[in-house]
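Enquirer: I would like the atomic coordinates for the input below:
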Amino acid sequence: MKCGVIGLGDMGSGLAKNLIKAGFETYGIDLDPRRLEAFTEMGGLVADTVAEIGNNCDAVFVMVMNGNQARAVILADDGLVHNMTAGSAIILSATIKPHEARAIGADMADSGIHLIDTPVSGGFPGAQNGTLTMMAAAPNDVLDTFAPIMQAVSANIHRVGARPGDGQTVKACLQSLIGAQFSATFEAAALAAKAGVSGQVILDVFSTSSAGCGVVNNALEKIIDRQFEGTGSSIHTMHKDLTISMGLGEELGVPLHTAAAAMQIFHAGRTKYPEGDNWVCTRVIEEIVGAELHRNSAQ
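Expert: Presented below is the predicted three-dimensional model:
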C-alpha cells in the first residue's frame, strides 16, 4: 500500500517517519517548508496538493490542528474524497470534536472511501517512536484491512467503536484526565519550589510513588530542566483538546470540575507564553509565588 500524511508537524512527522521505516511509500504535505525538507531527508515524497496525495495513496493520515482543517482537506472540491479510489481509507488521526467527525463521516458516506476515526495519544515521543495509542473506530473488516499501516505507527490499537466520532469521544474523555494530571503536576512543582525542595527529590519520589506515570514524570523532567519550548508539545494542542472535552461535557450535561480548572491553567499559560509547551504553565504559577523548581535546587 501507498500512504499519505497531511500535516507533517510534531505528530505527523512521526507518523511519516515510522511509515517510511516500515517500508511504505509515503507522500506528505505541509505548509512549512522546513517540515517538507525534513520529510524529504527521511525518504518521503513531497506532494504539491492534497489531490496529488489522494490520487497516489491507498490510505491517508489526516493530522491537522482542528475540525475545520480536517473537513477542508477531506471534503473540499480538491479534497481527498474527490481524488481517492473506492476502497481506500482516510485515517483521521487528528483530535477534533466528536460531532465534527460524525459530520465528516456522514458527508462522505456515499463516496466508497472508508473513514477510520482514530485520534492518538502518546505525544511527541510516542509519534516519533511509533508507540502511539490509537482509539480506532470503523467496521472491523476495514480495521483489519488497514491494520498493517496503523501498526506501523502505533504500539496499542484499541477498537473503540464502529462509527465516526466514537474515537473522538474516547479521546475527549482521556484528555479530561490528562489535563487534570498536568495541572496538578504544575501546582505540585510550584509548591515544592516555594517550600525549598529540589526538583530531583520531587522527581525521585513522585516517579516511584502511586502518582508516578508517563504524564507526570515527563512533565516534571521538563520543568526541573527548565525546558519550556521546543519539546514537541505545544500548549495550544492541549488547550484545544481541553476545549473539546469541556464541549462534550456541556453537550452531555456532565460536570467536569477538575478539567475546567485544568483548562483555565492552560488558558493562563497560553496567554502568557504563547510559544511555550504544556509545562510552561508552571512558570505562571512560579511567578505568582516567586520561586522556581530546578533539578538540583529550588530558587
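
Enquirer: For the chain, which strand extends over the most residues?
Expert: Across the chain, the longest stretch assigned as strand under DSSP state E is strand 154-161.

Enquirer: which is the next helix or strand following that strand?
Expert: As assigned by DSSP states H and E, the chain's next helix or strand after strand 154-161 is helix 166-195.

Enquirer: can you pull the buried residues of that following helix?
Expert: 166-176, 178-186, 188-190, 192-194 (16 or more other CB atoms under 10 Å). C-beta coordinates here come from the backbone N, C-alpha and C atoms, glycine included.

Enquirer: what do you get for stretch 112-131?
Expert: If you call a residue buried by 16+ other CB under 10 Å, then stretch 112-131 has these buried ones: 113-124, 126-128, 130.

Enquirer: Please list all residues in contact with Thr95.
Expert: Neighbouring residues of Thr95 by CB atoms under 8 Å, 6 or more residues apart in numbering: 119, 168, 171, 175, 237, 240-241, 244.

Enquirer: One more pass at 7 Å, please.
Expert: Shown in contact with Thr95 (CB atoms under 7 Å, 6 or more residues apart in numbering): 119, 168, 171, 241, 244.

Enquirer: now the strands: where do they sit in the stretch 1-150 of the chain?
Expert: Taking DSSP state E, counting those that start in this stretch as the criterion, the stretch 1-150 of the chain carries its strands at 2-6, 25-29, 45-46, 59-62, 89-92, 114-117, 120-121, 132-137.

Enquirer: Include mean pLDDT and distance to Gly230 when you put the ones you listed into JSON lines, please.
Expert: Listed next are those as JSON lines, based on pLDDT from 0 to 100; distance: least, CB to CB, whole Å:
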{"stretch": "strand 2-6", "mean pLDDT": "98", "distance to Gly230": "22"}
{"stretch": "strand 25-29", "mean pLDDT": "98", "distance to Gly230": "22"}
{"stretch": "strand 45-46", "mean pLDDT": "97", "distance to Gly230": "24"}
{"stretch": "strand 59-62", "mean pLDDT": "98", "distance to Gly230": "24"}
{"stretch": "strand 89-92", "mean pLDDT": "98", "distance to Gly230": "27"}
{"stretch": "strand 114-117", "mean pLDDT": "98", "distance to Gly230": "31"}
{"stretch": "strand 120-121", "mean pLDDT": "96", "distance to Gly230": "21"}
{"stretch": "strand 132-137", "mean pLDDT": "98", "distance to Gly230": "21"}
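
Enquirer: now the ones you listed as JSON lines including distance to Gln227?
Expert: Listed next are these as JSON lines, based on distance: least, CB to CB, whole Å:
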{"stretch": "strand 2-6", "distance to Gln227": "27"}
{"stretch": "strand 25-29", "distance to Gln227": "27"}
{"stretch": "strand 45-46", "distance to Gln227": "31"}
{"stretch": "strand 59-62", "distance to Gln227": "28"}
{"stretch": "strand 89-92", "distance to Gln227": "31"}
{"stretch": "strand 114-117", "distance to Gln227": "33"}
{"stretch": "strand 120-121", "distance to Gln227": "21"}
{"stretch": "strand 132-137", "distance to Gln227": "22"}
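
Enquirer: nearest to Gly249, of those strands?
Expert: Minimum separation from Gly249 across these (CB to CB) falls at strand 132-137, 17.9 Å.

Enquirer: Now do the closest one against helix 166-195, angle only.
Expert: With axes from the mean of the first three to the mean of the last three CA atoms, to 10 degrees as the basis, strand 132-137 and helix 166-195 are set at 140 degrees to each other.

Enquirer: still on that earlier bit, closest one to Ile149 among the strands of the stretch 1-150 of the chain?
Expert: That would be strand 59-62 among the strands of the stretch 1-150 of the chain, by CB to CB, at 5.1 Å.

Enquirer: which parts of that closest one are buried?
Expert: For strand 59-62, by 16+ other CB under 10 Å, it's 59-62.
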